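Asks: Okay, predicted coordinates and the sequence, questions at the end:
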Amino acid sequence: MNLFDLITQAQGGGAVRQLSEHFGLDEGQTQSAISALLPAITGAVQQNASSEGGLAGILNALQTGGHERYVDDPSSITAPETVQDGNGILGHLFGDKQVSRQVAAQAAEQTGIGPDVLKQMLPMVATLVMGGLSKQTARGAAPQQAEGGGLFGMLGSMLDRNGDGSAVDDVLGMASQFFRNR
């Protein structure tokens, strides 16, 4: 299952419903928002994993951070402590609040949803991404054993939105959408 599907279908779509209610969006808008925010977060995870010590840090966070709770319990997704955890994740991945603002602005152009809403949603989506990755790790397929090898293989298989066995076309499509309107 790819990461987008894992997040949007977990607990019968509970996270999508919870975010929709919290932000006053319909479920289609929320799915569109998640889809628009996902490439920047997963790209930052991949970039971070390729830095010195980054992979070990991410694996440690996935194994000890308890992030799967956000996917397992959608009612927790809008709690203040979730937002705080999400901001911590974003700070670690992006390093600068300006990057989060740019990601939200870009997603706003793609979705038509206001950048202020997306900026508030971004930390929640970050926790869902880490929760999805954590669940994949906890399923017994350690990232080193994931299809394609390592965290990149796990991310690749989860980002394969069209199920063709390759995430390259899907990631390039998401990235081109992200950068097209910059």
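Replies: Sure thing, it's come through. Numbering: from 1, shown residues only.
Asks: most centrally placed residue in this structure?
Replies: Computing the C-alpha centroid of the chain and ranking residues by CA atoms, centre = their mean puts residue 129 first, at 3.2 Å.
Asks: Show me which helix or strand of the protein is least confident by mean pLDDT.
Replies: Lowest by mean pLDDT, DSSP states H and E among the helices and strands of the chain is helix 168-180, with a mean of 45.
Asks: Test my guess that the residue nearest to the centre of the chain contacts residue 43.
Replies: No: if you go by CB atoms under 8 Å, residue 129 and residue 43 don't touch, sitting 10.9 Å apart. Bear in mind the C-beta positions are built from the backbone N, C-alpha and C, glycine included.
Asks: which residue lies farthest from the center of this protein?
Replies: residue 52 (22.0 Å).
Asks: Does that one belong to a helix, a strand or coil?
Replies: Under the three-state scheme (DSSP: H, G, I helix; E, B strand; the rest coil), the conformation of residue 52 reads as coil.
Asks: before we move on, could you check phi and psi at it?
Replies: phi -60, psi 120 (degrees, to the nearest 10).
Asks: The chain should start at 51 in everything you say after this.
Replies: Fine by me, first position is 51 from now on; the one you just mentioned is residue 102.
Asks: mind listing what it touches?
Replies: The neighbourhood of residue 102, defined by CB atoms under 8 Å, 6 or more residues apart in numbering, contains no residues.
Asks: If I look at it, what pLDDT would I see?
Replies: The predicted local distance difference test score for residue 102 is 80.
Asks: Likewise for the one 10 residues further on?
Replies: Per-residue confidence (pLDDT) for residue 112: 81.
Asks: From what I see, it and residue 179 are in contact.
Replies: No: Residue 112 lies out of contact with residue 179 (CB under 8 Å); the separation is 10.7 Å.
Asks: Tell me which residues touch the residue nearest to the centre of the chain, please.
Replies: By CB under 8 Å, 6+ apart, the contact set of residue 179 is 53, 57, 88, 91, 92, 95, 139.
Asks: taking those one by one, which sit in helices?
Replies: Taking DSSP state H, the ones among those that sit in helices are 53, 57, 88, 91, 92, 95, 139.
Asks: how about JSON lines for the residues you listed, with neighbour count added?
Replies: Shown next, in JSON lines, are those (neighbours: other CB atoms under 10 Å):
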{"residue": "53", "neighbour count": "26"}
{"residue": "57", "neighbour count": "25"}
{"residue": "88", "neighbour count": "25"}
{"residue": "91", "neighbour count": "24"}
{"residue": "92", "neighbour count": "24"}
{"residue": "95", "neighbour count": "25"}
{"residue": "139", "neighbour count": "23"}
